[in-house]
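Asks: based on what follows, work out the 3D shape:
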Amino acid sequence: MADETHDPETLVFYDRNAVAYAGRRLPGVSQRLTDFLAALPAGAHVLDLGCGGGQDSEVMLARGSR
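Replies: Just a heads-up that it's a prediction; the model follows:
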């Protein structure tokens, strides 16, 4: 049975493109992300929407965000 909380077309897209997204690497941490994280209190909770391959999420987690 399909998970009715997720759009089936979106799931198919990510199933087909997961390797490409996971393999995407940007050259370092963006200044925008650095500035954003500097404005947050320690241990801040962050909702990362449209996180692509998760590189920014990885940085946020490494710097103590949840």
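
Asks: please name the nearest non-neighbouring residue to the residue nearest the centre of the chain.
Replies: For the chain, the residue whose C-alpha lies nearest the mean C-alpha position (Cα atoms, centre = their mean) is C51; its distance is 2.7 Å. Leaving out its chain neighbours, the residue that sits closest to C51 by Cβ to Cβ, 6 or more residues apart in numbering is S57, at 5.2 Å. Every residue, glycine included, has its C-beta placed from N, CA and C.

Asks: for the helix or strand where that neighbour lies, buried residues please.
Replies: When elements are assigned from DSSP states H and E, S57 belongs to helix 55-62. Along helix 55-62, the positions that meet the burial threshold by neighbour count (16 or more other Cβ atoms under 10 Å) are Q55, D56, V59, M60.

Asks: tell me which element G28 falls in.
Replies: Assigned by DSSP H and E, G28 falls within no helix or strand.

Asks: helix 55-62 and the longest helix along the chain, what's the angle between them?
Replies: In the chain, assigned by DSSP state H, the helix with the most residues is helix 8-23. Note on geometry: by axes from the mean of the first three to the mean of the last three Cα atoms, to 10 degrees, helix 8-23 and helix 55-62 are set 70 degrees apart in direction.

Asks: and the next helix or strand past helix 8-23?
Replies: helix 31-38.

Asks: ok, L26 - contacts?
Replies: When contacts are counted by Cβ atoms under 8 Å, 6 or more residues apart in numbering, L26 touches Q55.

Asks: any idea how far V12 is from it?
Replies: L26 sits 25 Å away from V12 when distances are taken as Cβ to Cβ, to the nearest Å.

Asks: H6 too?
Replies: As judged by Cβ to Cβ, H6 and V12 stand 10 Å apart.

Asks: CA atoms only for the least confident helix or strand in the chain by mean pLDDT - export them in CSV, please.
Replies: Between all helices and strands in the chain, the lowest mean by mean pLDDT, DSSP states H and E belongs to helix 8-23, at a mean of 86. Taking only C-alpha atoms (Å, rounded to 0.1, in the frame of the first residue of the first chain), the coordinates of helix 8-23 have been written out as CSV:
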residue,chain,number,x,y,z
PRO,A,8,3.5,9.5,-5.7
GLU,A,9,5.0,11.5,-8.5
THR,A,10,7.5,13.1,-6.2
LEU,A,11,8.5,9.8,-4.7
VAL,A,12,9.1,8.3,-8.2
PHE,A,13,11.2,11.4,-9.2
TYR,A,14,13.5,11.0,-6.2
ASP,A,15,13.7,7.2,-6.6
ARG,A,16,14.9,7.8,-10.1
ASN,A,17,17.3,10.6,-9.3
ALA,A,18,18.5,9.8,-5.8
VAL,A,19,22.0,8.8,-6.9
ALA,A,20,22.4,12.1,-8.8
TYR,A,21,21.3,14.2,-5.8
ALA,A,22,23.4,12.3,-3.3
GLY,A,23,26.5,12.7,-5.6
